[in-house]
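Here is a sequence together with a model predicted from it:
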Amino acid sequence: MVEGKGISQAVISRLPRYFRYLGELRDDGVERISSQDLSRLMKVTASQIRQDFNNFGGFGQQGYGYNVEYLYQEIGKILGLDVEHHLIIVGAGNLGQALANYMNFEKRGFITQGIFDINPELYGKEVRNLTVQPMDKIEQCIQENNIDIAVLTIPKNSAVKVAEKLVGYGIKAIWNFAHVDLNLPDGIQVENVHLSDSLMKLSYTISCYENQK
Ligand code: NAI
């Protein structure tokens, strides 16, 4: 359960996908959509959609369908996307630079304000609109730019120590790509991302499919 709101993690984990589809519908000029049509589009059952939305009061008049713009805005608010988030990237290697180069995060209100590394050879390197800076500049950057999220793209052997330091500097949330669990104080939000987990799931579905033949 999500603390204080009583909404299950399973429901929360489906919201970004609703948000994405609704954004596309909105961009295509669609004003209303029924749960059946949304169900066909997203390949989830209409009852699942209704159940998910009922957690938040239902969002709309059944029979007339959902108002796409309203639903998009409301789900955005639930996801906290109605406020800007300020990010820093820690670790300016392959992954850190790839994330810094990805511009779509900004469209969702995630603004990257700095990228940091311990390797002096990277200092001064331009990555899109950012310049790689040494780690001793990180505290000032966090405090001056109201940074709330740190993206951790460093090796696992240093990730725990770095994460603890970042929390000491005032970071409230970590998007953790390092392959290590971070045990941080209560109130610090951590979202672990492991692309290899997703690849292993794909491997599983391939082997299930092959075994059925
Ligand atoms: P990389 O070696 O290209 O970059 C790592 C960077 O971190 C280097 O520039 C290095 O100087 C810097 N670094 C090391 N220790 C540091 C510290 N204490 N403070 C600041 N910077 C530090 O590696 P890559 O490919 O960018 O991967 C980064 C990490 O992310 C690795 O640990 C890798 O295993 C992990 N990874 C995770 C994925 C995921 O899905 N979770 C996918 C790909 C990589």
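Arrived safely. Numbers count the residues shown, from 1 in each chain.

Strands of this protein, residue ranges please.
32-33, 66-67, 85-90, 110-117, 126-127, 130-134, 149-152, 173-176, 189-192 (DSSP state E).

Show me what the fourth one is packed against.
The reference is to strand 110-117. Counting contacts by 3 or more C-beta pairs under 8 Å, 6 or more residues apart in numbering; DSSP states H and E, strand 110-117 is packed against strand 85-90, helix 94-101, helix 104-107, strand 130-134, helix 138-144. Yep, even glycine has a C-beta here, placed from its N, CA and C like the rest.

Highest mean neighbour count out of these?
strand 85-90 (a mean of 23; mean count of other C-beta atoms under 10 Å).

how about that strand as CSV, C-alpha atoms only?
Extracted C-alpha coordinates of strand 85-90, given in CSV (Å, rounded to 0.1, in the frame of the first residue of the first chain):
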residue,chain,number,x,y,z
HIS,A,85,11.1,18.0,-10.3
HIS,A,86,14.8,19.0,-10.3
LEU,A,87,17.3,16.2,-10.9
ILE,A,88,21.0,15.7,-10.8
ILE,A,89,22.8,12.8,-12.4
VAL,A,90,25.6,11.2,-10.4
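
Show me what it pairs with in its sheet, parallel or antiparallel.
strand 110-117 (parallel), strand 149-152 (parallel) (DSSP bridges).

Compare those strands and report which one is nearest to the ligand.
Evaluated with C-beta to the nearest ligand atom, the strands paired with strand 85-90 place strand 110-117 nearest to the ligand, the distance being 4.5 Å.

and residue 115, what are its bridge partners?
residue 89, residue 132.

what's the distance between it and residue 100?
Per C-beta to C-beta, to the nearest Å, residue 115 is found 5 Å from residue 100.

Now do the shared contacts for the two.
89, 92, 127, 130 (C-beta atoms under 8 Å, 6 or more residues apart in numbering).

ok, of those residues, which one's closest to residue 22?
Lowest distance from residue 22 to the shared contacts of residue 115 and residue 100 (C-beta to C-beta) belongs to residue 89, with 28.5 Å.

ok, which of the shared contacts of residue 115 and residue 100 also contact the ligand?
residue 92 (C-beta under 6 Å from any ligand atom).

so what's residue 17 up against?
For residue 17, the contacting residues are residue 42, by C-beta under 8 Å, 6+ apart.
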